[in-house]
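Visitor: The following block contains a protein sequence and its predicted model.
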Amino acid sequence: MQERIKAILQMEPSPEPIRAEGWVRTKRDSKNVSFLEINDGSCLKGLQAVVDKEKFDQSLLDSIGTGASVVAEGPIVASQGGSQKTEMQVEKLTLVGACPQDYPLQKKRHTVEFLREKAYLRPRTNLFGAIARVRNTMAYAVHSFFQENGFIYVNTPLISASDCEGAGAQFQVTTLDLNNVPKTEDGKVDYSKDFFGKMANLTVSGQLEGETYATAMKDIYTFGPTFRAENSNTARHLAEFWMIEPEMAFCTLEGDMECAEKFLKYIFSAVLEKNEEDMEFFSKFVLDGVVDTLRHVIESPFEHMTYTDAIKVLEPNNDRFEFPVKWGVEIQSEHERFLTEEIAKRPVIVTDYPKDIKAFYMKLNEDGKTVRAMDVLAPRLGEIIGGSEREYRYDVLVSRLKELGMNPEDYWWYLDLRKYGTVPHAGFGLGFERAVQYVTGVANIRDVIPYPRYVKSCEF
């Protein structure tokens, strides 16, 4: 395989010609020499290729501009300039794909809003190239962490007849003719005529199916796309995003929290180790101090507090919040940041939330009011992981479904897990894009996924 530019930049000067393939980021001309910066996405900095004008046809050099794809061949020599250690002395230059002058990514600072409209080109910029490399490292680290700890990777379905969260914010999947929808005698949609013979949706979570494998293989994880049809036009929400969801049998909330803390520290450490250049870029141009924040998370033991204790800490400060708190309400992002940044000054795991604000599958505590839930809160972001010990008692789970107005018959197979060799089990979910956003310091979640899907936007 051909050497990537990242490897070429590490080479010592040598008379042996090497080959570099990539796209021209910049072109500078002097009287006798052209300087091309060639980048192939493998690293932030490009390779400087020095072209002696006397050795090449001028028409070829004139046709090579920013955005053009080229192949350059020649030896690596010590650089005459001060901004790089080595450079290529070009002996052969091939234009693979010309790029006209209306190329949108000229040498200037572009806004992320502009680049969002050019999502098919934005990976060629420094910012989005760095995001892609960090995202790649994090995805690899996700698999590495779980594989090294004996977890089995499970692919859960993207089309589902179950609503894991019970919130109804799902995208419907159908082959019915929307201009001539079949109806039952009482005027409702006749889903028996649909492809699956029942209503089907894109999944909001792989958790329920993941539990079926955890109760056979003990420790499993899923890592795949999920979909939420929430009308949330914010910098923190997407309609399509990737979720990491481990599920562990013979595991309680305590084991769940321990796994979540180790997992976050593992993937953050991988980025600092493998993407030093990119992280320096984010600290300089995106968010000052982002590297220090990650190191602090890695080095700090996470603080633990119950929801009830968190409310006691927050209530005296209600005059500082846009949304005042009291027992029983959702903890908002501003409250989460207050707990992590001003109270604990480190990540916090909040546990034992009121049952009325959590999902049906979370184990009910003996007080009958709270559930064995946990949220991991990170400084600067707020919630980054949500999880719980699952309700494994058949009768209690049936009661919770009915209490929430859900039909237990729709979850017959899930309930069967509580009849056939039930065990305590627990798991959590991490929205991958939220984690990438946190690591890079990028303000808008739409900029840490290659092609963002959100309200009124499904381009490319």
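Guide: Ah, there it is. These numbers were taken from a predicted model, which means no experiment stands behind them.
Visitor: Mind giving me the packing neighbours of the host helix or strand of R295?
Guide: Assigned by DSSP states H and E, R295 belongs to helix 290-299. When contacts are defined as 3 or more C-beta pairs under 8 Å, 6 or more residues apart in numbering; DSSP states H and E, helix 290-299 sits against helix 253-274, helix 276-285, helix 432-440. Every C-beta, even on glycine, is put in place using the N, C-alpha and C of the backbone.
Visitor: Run through who's touching that helix.
Guide: Helix 290-299 has contacts (C-beta atoms under 8 Å, 6 or more residues apart in numbering) with 264-265, 268-269, 271-272, 279-280, 282-283, 346-347, 378-380, 439-441.
Visitor: Could I have the buried ones of the residues you listed as ChimeraX selection syntax?
Guide: In ChimeraX, a selection of the buried entries from the contacts of helix 290-299 looks like this (16 or more other C-beta atoms under 10 Å):
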select :264,265,268,271,279,282,283,346,347,378,379,439,440,441
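Visitor: Whichever strand in the chain runs longest pairs with which strands, parallel or anti?
Guide: Across the chain, the longest stretch assigned as strand under DSSP state E is strand 14-29. Here strand 14-29 is paired, per DSSP bridges, with strand 33-39 (antiparallel), strand 69-78 (antiparallel).
Visitor: Could you give the average pLDDT over the shortest one?
Guide: It stands for strand 33-39. Taken as a whole, strand 33-39 carries a mean pLDDT of 96.
Visitor: Redo the strands paired with strand 14-29 as JSON lines? Include mean neighbour count.
Guide: As requested, the strands paired with strand 14-29 are exported to JSON lines (neighbours: other C-beta atoms under 10 Å):
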{"stretch": "strand 33-39", "mean neighbour count": "20"}
{"stretch": "strand 69-78", "mean neighbour count": "18"}
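Visitor: could the ones you listed go into TSV alongside distance to H425?
Guide: Shown next, in TSV, are the strands paired with strand 14-29 (distance: least, C-beta to C-beta, whole Å):
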stretch	distance to H425
strand 33-39	47
strand 69-78	51
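Visitor: Out of those, flag the one nearest I131.
Guide: I131 lies closest, by C-beta to C-beta, to one member of the strands paired with strand 14-29: strand 33-39, at 14.9 Å.
Visitor: Would you mind listing the outside residues contacting the helix or strand following that closest one?
Guide: Under the assignment DSSP H and E, the closest C-terminal helix or strand after strand 33-39 is strand 47-52. If you take C-beta under 8 Å, 6+ apart as the criterion, strand 47-52 is touched by 5, 8-9, 20, 22, 32-39, 61, 72, 74, 79, 81, 84, 87-90, 93.
Visitor: try it again with 7 Å
Guide: Here strand 47-52 makes contact (C-beta atoms under 7 Å, 6 or more residues apart in numbering) with 5, 8-9, 20, 32-38, 61, 72, 79, 84, 87-90, 93.
Visitor: Quote the end-to-end distance of stretch 155-170.
Guide: Length of stretch 155-170, first residue to last, C-alpha to C-alpha, to the nearest Å: 20 Å.
Visitor: Out of the strands paired with strand 14-29, which is closest to F321?
Guide: Set against F321 and scored by C-beta to C-beta, the strands paired with strand 14-29 come closest in strand 33-39, at 45.6 Å.
Visitor: Distance from that closest one to the middle of the chain?
Guide: Relative to its parent chain, strand 33-39 has a centroid offset of 34 Å by C-alpha atoms, centre = their mean, to the nearest Å.
Visitor: Ok, stretch 224-236 next?
Guide: Distance, centroid of stretch 224-236 to centroid of chain: 12 Å (C-alpha atoms, centre = their mean).
Visitor: Could you pull out the buried residues of that stretch?
Guide: Here stretch 224-236 shows 224, 226-230, 236 as buried, counting by 16+ other C-beta under 10 Å.
Visitor: follow-up on the earlier one: what are the buried residues along the helix holding R295?
Guide: Buried residues in helix 290-299, counted by 16+ other C-beta under 10 Å: 290-291, 293-294, 296-297.
Visitor: can you put those residues in CSV and add distance to V448 and pLDDT?
Guide: Shown next, in CSV, are those (distance: C-beta to C-beta, whole Å; pLDDT from 0 to 100):
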residue, distance to V448, pLDDT
V290, 13, 97
V291, 17, 97
T293, 16, 94
L294, 15, 96
H296, 21, 95
V297, 18, 95
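Visitor: Now render those residues as TSV, adding distance to A310.
Guide: What follows is the buried residues of helix 290-299, written out as TSV (distance: C-beta to C-beta, whole Å):
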residue	distance to A310
V290	26
V291	28
T293	21
L294	24
H296	20
V297	19
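Visitor: Pick out whichever of those residues sits closest to F146.
Guide: Of all the buried residues of helix 290-299, F146 sits closest to V297, with 19.4 Å by C-beta to C-beta.
Visitor: Once you drop chain neighbours, what's closest to the residue lying farthest from the centre of the chain?
Guide: In the chain, E54 marks the outermost C-alpha relative to the chain mean, sitting 49.2 Å out by C-alpha atoms, centre = their mean. Nearest non-adjacent residue to E54, counting by C-beta to C-beta, 6 or more residues apart in numbering: N32, 6.9 Å away.
Visitor: Relative to T222, how far out is that neighbour?
Guide: 59 Å (C-beta to C-beta, to the nearest Å).
Visitor: Which one's more surrounded, the two?
Guide: Each of N32 and T222 has its neighbours counted (other C-beta atoms under 10 Å); T222 has more, 24 against 9.
Visitor: Pretty sure E240 sits against Y454.
Guide: No. Applying C-beta atoms under 7 Å, one finds E240 not in contact with Y454, separated by 8.5 Å.
Visitor: Can you pull the poorly scored residue ranges out of this structure?
Guide: 164-168 (pLDDT under 70).
Visitor: I385 falls within a strand, correct?
Guide: Yes. Using DSSP: H, G, I helix; E, B strand; the rest coil, the assignment for I385 is a strand.
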